[in-house]
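# Just to be clear, the model below is a prediction. Sequence and coordinates:
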Amino acid sequence: MKTVIIGGVAGGATAAARLRRLNEKAEIIILERGAYISYANCGLPYYIGGEITDKEELTLQTPDSFHARFAVDVRVRHEALSIDPDRWVVKVRDLANGSEYEETYDKLILSPGAEPVRPPLPGIDDPRVFTLRTIPDTYRIHEHIKKAMPKKAVVVGGGFIGLEMAENLVKAGLAVKVVELADHVIAPLDYDMACEVHRYLRSQGIDLLISQGVAAFHPSKQGLEVELNNGHVIETDMVLMSVGVRPDTALAINAGLRLNPRNAIQVDEHMRTSVPNIYAVGDAVEVIHLVSQSPASIPLAGPANKQGRIAADHICGLDSRYKGSQGSSILKFFDMTVAVTGLNETAAKAAAIDYDAVLTTSFSHATYYPGAEGMSIKTLFEKKTGRILGAQLVGFSGVDKRCDVMATAIRAGMTAHDLTELELCYAPPFSSAKDPVNMVGFVIENLINHKVRQFHWHEVEAARHDRGGLLLDVRTDGEYNRGHIPGAVHIPLDSLRERLSELNHSKVLYVYCQSGLRSYIACRILSQNGFECRHLAGGYRVYEIVMSDRDVS
């Protein structure tokens, strides 16, 4: 059996290695139009910023090392020009000498990946406007910084790569502005969680411009002008475009494969395309979102590797199936960690799921052990069942492992009750006896069991103007004096029982504290004394961060 794989990196290289492990006699050919078969895409920004100093570390496998280990015929700088599904033939060009030839196949795996979006803006082809997707892109940016010695940079797009590049450009000595068309950075985050990232980003000296798009680039005496949609002009020395990627599927289109409206290749659970004997994996394929069961595009290395393995399994007669992606991803930004998995609110609404969300604040480990750092966790759950739908985490140490636990819980279809029962490792340097994941379960369970009701930051204005309601601040005097929601009555939690007579039983009490814990306790006191009560999810902390972000933006 002869399998031809178009494209290396994550999906293609994994498929080739798996094929060889399953079939020592198979003929396996990889066609890669670039010069590298397998490299660390996610590590590219860190070479520019100096965290990775040896460029050889970016290359995971060379054609020679891959051939020596797996006996695979690796042909770099060989571009697949077209596919003839009727003849089972790929037309190939050797980019080294320009010659063309045909390569037959029994099975074909497409792993073309995705390409950076370059909008047709005036000036987009200026040599000082860069994108980052491949090792050659990295070298071009690195050499430009080294030779031209730019002082200022604009990053267009506040996604994962955009923020990683913003950090590493700062570390390379540049003053950086980030321009983002949406109202917040990192699209998988909801706005309230992103506001915390905004605050931290600005604290690191990065100028953030949100809800603003780029209209054009113009050469100037000072360097390069970035014209925004609102007419504002930014003077800079270089630009990094990071506004997303699109499937690189020209081959698939011309071969007649079935694609979705965004030109991603449609595949079944075995990674088979609509054309017999042709499989597709990686960033170019449409997947099913594990939680919503809706079609999705999730260009991540982890899913691409799994898909490559599944395609190879099926070619070799194994019944492996891809059950869907959930978008688990993580970002290190200076000292901050941002991690997401599953659905955010936008996706949950699009899927017409009856959901709610809780916002909890926990510490990375026991507070009496030195070095404990706070983390914010937003968890979406299905109202009726308590099934966990998604999680977003922003903080410092310990974020990664909590997100991994939540990702596992989502994959297993676990509920809030299941989270409360998880027996997770505890010692003071690592966690608390009630881990942050357990706490998420407890908070959701209290809502489902009607021990408390909640309201959210975007409902505060309605609560303030509710004539049948009253805002109640149960924080300490010092906390209240440092800032509070206008119009709130202040009764500290520890005085609440003695001062119940000051409250009107006919009014709905909208209670808040700093993070949500004391307001929950207050609501338990109030409800058992005949009051109707709701507490503010995430507390004053979340409300203040969001309101401050709106003022800055």
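Looks like it arrived, so ask away. Numbers count the residues shown, from 1 in each chain.
# where along the stretch 451-553 of the chain do the helices fall?
Along the stretch 451-553 of the chain, the stretches classed as helices by DSSP state H, counting those that start in this stretch are 460-464, 477-482, 517-527, 539-552.
# Only alpha carbons, please: show the longest one as PDB.
I take that to be helix 539-552. What follows is helix 539-552, C-alpha atoms only, in PDB (Å, rounded to 0.1, in the frame of the first residue of the first chain):
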ATOM      1  CA  GLY A 539     -18.400  40.300  43.200                       C
ATOM      2  CA  TYR A 540     -17.300  43.900  43.100                       C
ATOM      3  CA  ARG A 541     -13.900  42.800  41.800                       C
ATOM      4  CA  VAL A 542     -15.300  41.700  38.400                       C
ATOM      5  CA  TYR A 543     -17.700  44.700  38.200                       C
ATOM      6  CA  GLU A 544     -14.900  47.200  38.900                       C
ATOM      7  CA  ILE A 545     -12.500  45.600  36.300                       C
ATOM      8  CA  VAL A 546     -15.200  45.700  33.600                       C
ATOM      9  CA  MET A 547     -16.300  49.300  34.400                       C
ATOM     10  CA  SER A 548     -12.700  50.500  34.500                       C
ATOM     11  CA  ASP A 549     -12.000  48.800  31.200                       C
ATOM     12  CA  ARG A 550     -14.900  50.600  29.600                       C
ATOM     13  CA  ASP A 551     -13.700  53.900  31.000                       C
ATOM     14  CA  VAL A 552     -10.200  53.400  29.500                       C
END
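# I'd like to check the angle between it and helix 517-527, please.
120 degrees (axes from the mean of the first three to the mean of the last three CA atoms, to 10 degrees).
# what's in contact with helix 539-552?
By CB atoms under 8 Å, 6 or more residues apart in numbering, the list of residues contacting helix 539-552 from outside reads 191-192, 195-196, 198-199, 202, 359, 361, 376, 457, 460, 473, 475, 479, 483-485, 512-517, 519, 536. In short, each C-beta sits where N, CA and C put it, glycine included.
# try it again with 6 Å
The contact list for helix 539-552 (CB atoms under 6 Å, 6 or more residues apart in numbering) reads 192, 195-196, 198, 359, 457, 512-516.
# and the helices of the stretch 451-553 of the chain, which is most packed in?
helix 517-527 (a mean of 21; mean count of other CB atoms under 10 Å).
# Please name the residues that touch residue 196.
Per CB under 6 Å, 6+ apart, neighbours of residue 196: 376, 394, 545.
# now, among those residues, which is nearest to residue 228?
residue 545 (25.5 Å; CB to CB).
# per-residue pLDDT, the closest one?
Looking at residue 545, its pLDDT is 97.
# Which helix or which strand is home to the closest residue to residue 438 other than its chain neighbours?
Leaving out its chain neighbours, the residue that sits closest to residue 438 by CB to CB, 6 or more residues apart in numbering is residue 420, at 5.9 Å. Element membership of residue 420 [criterion: DSSP states H and E] is helix 416-421.
# What lies in contact with the helix or strand just after that helix?
Counting by DSSP H and E, the element after helix 416-421 in chain order, helix or strand, is helix 436-448. Residues outside helix 436-448 that contact it (CB under 6 Å, 6+ apart): 358, 360, 362, 379, 381, 386, 402, 405, 416, 419-420, 452.
# In strands, which of those appear?
358, 360, 362, 379, 381 (DSSP state E).
# any idea where the helices of the stretch 251-400 of the chain begin and end?
301-315, 345-350, 399-411.
# Of these, flag the one that's most buried.
Taking mean count of other CB under 10 Å, helix 301-315 is the most buried of these, at a mean of 23.
# Quick one: list the elements packing against that one.
helix 9-22 (3 or more CB pairs under 6 Å, 6 or more residues apart in numbering; DSSP states H and E).
# Give me the buried positions along the helix it packs on.
Across helix 9-22, burial judged by 16 or more other CB atoms under 10 Å covers 9-20.
# Nearest to residue 334 among the residues you listed?
residue 10 (26.6 Å).
# Compute the distance between the closest one and residue 300, please.
9 Å (CB to CB, to the nearest Å).
# for the contacts of helix 539-552, which one is nearest residue 367?
residue 515 (13.1 Å).
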